[in-house]
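Asker: The sequence isn't on hand, but the structure is:
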Ligand SMILES: C[S@@+](CC[C@H](N)C(=O)[O-])C[C@H]1O[C@@H](n2cnc3c(N)ncnc32)[C@H](O)[C@@H]1O
């Protein structure tokens with residue numbers, strides 16, 4: 001897979017200078033799909049275009065959407081980036097470990113997600129990704145400037161080679177992220193209704209389910225089967241004498 005198939009998603013970027021610098025470095029490394037979730041700055045204004053220099057085209061073709069799920073529409077794989085190490089349950093991988101996974105044939109289209117300058121990504125936003133990347137830094141100061149984090153990631157992506165994966169699965173059969181997300185919503189709602197989950201435990205328990213399914217790389221047909229089982233269980237719960 002070509003790096004140009006990877007979308008760079010910025011969640012609520014607040015600095016036009018950062019967004020302009022990011023457009024420039026993306027073009028330096030042959031990436032051009034920039035998606036902005038609810039941008040908090042004028043990403044087409046003077047500051048951004050000045051920093052973009054010869055990458056105004058990347059800014060002009062940037063897509064602005066309201067939510068992260070909209071930004072991930074159609075993607076098969078996503079990696080979320082974070083500087084945080086504590087209060088994080090899933091393994092954090094280095095760019096060299098994890099970026100080749102984004103370039104495998106069955107990954108496309110794929111996305112790399114970056115957080116806000118002041119507070120990064122929320123836990124809920126991190127959960128939309130299947131893998132998590134932390135750029136190794138000195139332990140004394142782990143938080144990189146947003147544009148620097150994107151620059152290092154684009155460079156590492158450009159140096160990465162996809163792992164060769166032996167599989168009989170047709171790439172088109174891998175479920176897209178929104179299909180799997182709809183399954184998680186249905187599962188959570190059923191588990192809440194049977195009181196396996198409670199509102200205060202739901203998000204941490206659902207994170208465990210996400211980890212499990214992330215390892216399986218579900219196909220569209222398999223998600224349809226799982227959703228069919230949930231529908232049948234929901235129906236059975238409404239039948240007198242069956243519950
Ligand atoms: C300035 S940082 C936000 C820092 C914030 N305190 C936090 O909780 O992550 C903005 C974004 O840059 C990226 N970033 C910064 N440092 C990083 C690192 N060491 N590894 C990976 N991404 C990093 C992440 O996407 C992060 O959300």
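Answerer: Noted; the coordinates are in hand. The shown structure was predicted, so the numbers you read here are calculated from the model rather than taken from an experiment.
Asker: Could you use CA atoms for every contact and neighbour count after this?
Answerer: OK.
Asker: residue ranges for the helices of this protein, please.
Answerer: Ranges of helices in the chain, per DSSP state H, are 16-28, 46-52, 56-60, 68-71, 95-102, 123-126, 146-159, 177-193, 202-216, 220-237.
Asker: and these, which is most packed in?
Answerer: Most buried of the helices of the chain, by mean neighbour count (mean count of other C-alpha atoms under 10 Å): helix 16-28, with a mean of 24.
Asker: List the contacts of that one.
Answerer: The contact list for helix 16-28 (C-alpha atoms under 8 Å, 6 or more residues apart in numbering) reads 13, 32, 34, 41-43, 45, 47-56, 58-59, 146-147, 150-151, 154.
Asker: Between helix 146-159 and that helix, find me the angle.
Answerer: 10 degrees (axes from the mean of the first three to the mean of the last three C-alpha atoms, to 10 degrees).
Asker: hmm, back to that, which one of the helices of the chain lies nearest to the ligand?
Answerer: Nearest to the ligand among the helices of the chain is helix 146-159 (3.9 Å), distances taken as C-alpha to the nearest ligand atom.
Asker: Run a quick neighbour tally on residue 72.
Answerer: The local packing of residue 72 (other C-alpha atoms under 10 Å) involves 24 other residues.
Asker: Please tell me I have it right and it contacts residue 109.
Answerer: No - counting by C-alpha atoms under 8 Å, residue 72 does not reach residue 109; the two are 9.3 Å apart.
Asker: how close does residue 241 sit to the ligand?
Answerer: If you measure residue 241 against the ligand using C-alpha to the nearest ligand atom, to the nearest Å, the figure is 50 Å.
Asker: ugh, wrong one, I meant residue 64
Answerer: Taking C-alpha to the nearest ligand atom, one finds residue 64 at 18 Å from the ligand.
Asker: now check stretch 149-160, is it near the ligand?
Answerer: Yes - using C-alpha under 6 Å from any ligand atom, stretch 149-160 comes into contact with the ligand via residue 149.
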